[in-house]
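J.: What shape does this take:
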Amino acid sequence: MLAHQRQARILDEVRRAGGVRVSELTTLLGVSDMTVRRDLDQLAADGTVQKVHGGAVLAARVTEEPGFEAKSGLAQGAKRAISTRAATLIEPGTAVALSAGTTTWGLGQHLASIPGLTVVTNSTTVADTISTSATGKHTVILTGGVRTRSAALVGPVADATIRSLHFDQLFLGVHGMDGHAGFTTPNLAEAETNRALIDRARTVIVLADSSKWGTVGLADFGPLSAADILITDDGMPAEARAVLAESVGELILVPYVSEEAAP
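T.: Below is the predicted model:
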């Protein structure tokens, strides 16, 4: 096998599995670890993989956290479709929690039509949109805490508030989701707060557009199986759909027209 053929095979394996070890590649390709390391050096120089101790992952697979304004401009059509579908799952008079995130922020705009809710949130932007669109209609509990770039309130104050409560449904936004890493965020404190939210919810509903698949943040806060329901758009690749269908309690795919495809 020529060098470029090995490197193509290695890249396929990284994309399939999310990451590879040098020892696995030596067995798979039947070459020495020195040869594998040279191939990984070349792929890293090309910008397609990122070398880690003992192997490699896809380049830029571990991501940093953008601010709320930056995130709100991404995948807008898919997020609107997902939040609209999520609103149909909420029953009047129940207690619901909305985590921080741009899709949960979109869901907050739908709550004015659902009477008698108690809404728990660790997001200043979610609280603001509910206050604006549903003034006086709901009881809103803001957790308090330290505000992150993504407008999430996190830390010991937020976690203690959440752990003193119970809610019927949690609508959870995620920075990334992956078959191996599960649900992730770049912020360690936000991961802990999300774990607390999951722990206090009777039903966990994850809202994540298809661009989140394969994105891995620094900290995980639950496996895919933590989601009783996952709502995403029909742009999700077939392979990812299969993984999600096997892992989550219920997978809901919503159609949408992307801004690029709209006339």
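J.: On the pLDDT front, check Glu65 for me.
T.: If you check Glu65, the pLDDT there is 58.
J.: going forward, begin numbering at 32 instead of 1
T.: Yes, from this point I'll number from 32; that puts the last item at Glu96.
J.: how does this protein divide into domains?
T.: 34-89, 99-285 (automatic domain parsing).
J.: which of these sits most buried?
T.: domain 99-285 (a mean of 20; mean count of other CB atoms under 10 Å). All C-beta spots, glycine's among them, are computed from the backbone N, C-alpha and C.
J.: now it: how far from the chain's centre is it?
T.: Centre-to-centre, domain 99-285 and its host chain are 9 Å apart (CA atoms, centre = their mean, to the nearest Å).
J.: coming back round to it: reformat the domains of the chain as TSV; add mean pLDDT.
T.: Below are these laid out as TSV (pLDDT from 0 to 100):
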stretch	mean pLDDT
domain 34-89	84
domain 99-285	91
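J.: list the contacts for the spatially most central residue of the chain?
T.: Nearest residue to the geometric centre of the chain (CA atoms, centre = their mean): Val205, 2.6 Å. Taking CB atoms under 8 Å, 6 or more residues apart in numbering as the criterion, Val205 is in contact with Gly132, Phe214, Thr215, Thr216, Val237, Leu238, Ala239, Lys243.
J.: can these go into a markdown table with extra columns for distance to Gly86 and secondary structure?
T.: Shown next, in a markdown table, are these (distance: CB to CB, whole Å; DSSP: H, G, I helix; E, B strand; the rest coil):
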| residue | distance to Gly86 | secondary structure |
| --- | --- | --- |
| Gly132 | 31 | coil |
| Phe214 | 23 | strand |
| Thr215 | 19 | strand |
| Thr216 | 23 | strand |
| Val237 | 29 | strand |
| Leu238 | 32 | strand |
| Ala239 | 27 | coil |
| Lys243 | 24 | helix |
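J.: ok, which stretches of this protein are helices?
T.: 34-48, 53-60, 64-77, 99-103, 107-118, 133-139, 155-164, 187-194, 219-230, 269-278 (DSSP state H).
J.: related to what we said a few turns ago, can you redo the contacts of Val205 as JSON lines with distance to Val274?
T.: Shown next, in JSON lines, are the contacts of Val205 (distance: CB to CB, whole Å):
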{"residue": "Gly132", "distance to Val274": "22"}
{"residue": "Phe214", "distance to Val274": "13"}
{"residue": "Thr215", "distance to Val274": "15"}
{"residue": "Thr216", "distance to Val274": "20"}
{"residue": "Val237", "distance to Val274": "14"}
{"residue": "Leu238", "distance to Val274": "18"}
{"residue": "Ala239", "distance to Val274": "13"}
{"residue": "Lys243", "distance to Val274": "13"}
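J.: among the helices of the chain, which is nearest Ile172?
T.: helix 187-194 (7.6 Å; CB to CB).
J.: Quick one: end-to-end distance for stretch 262-279.
T.: One end of stretch 262-279 sits 10 Å from the other (CA to CA, to the nearest Å).
J.: my read: Ala117 touches Ala239, true?
T.: No - between Ala117 and Ala239 there is no contact under CB atoms under 8 Å: 11.0 Å.
J.: Overlap of the contact sets of these two?
T.: Common contacts of Ala117 and Ala239 (CB under 8 Å, 6+ apart): Ile262.
J.: need the contact list for Val88.
T.: Val45, Gly49, Gly50, Val80, Gln81.
J.: Test my guess that the last one contacts Leu71.
T.: No - when contacts are counted by CB under 8 Å, Gln81 is not listed as touching Leu71 (9.7 Å).
J.: Find residues that contact each of the two.
T.: The contact lists of Gln81 and Leu71 share Ala87, where a contact means CB under 8 Å, 6+ apart.
J.: Quick one: end-to-end length of stretch 207-216, please.
T.: 7 Å.
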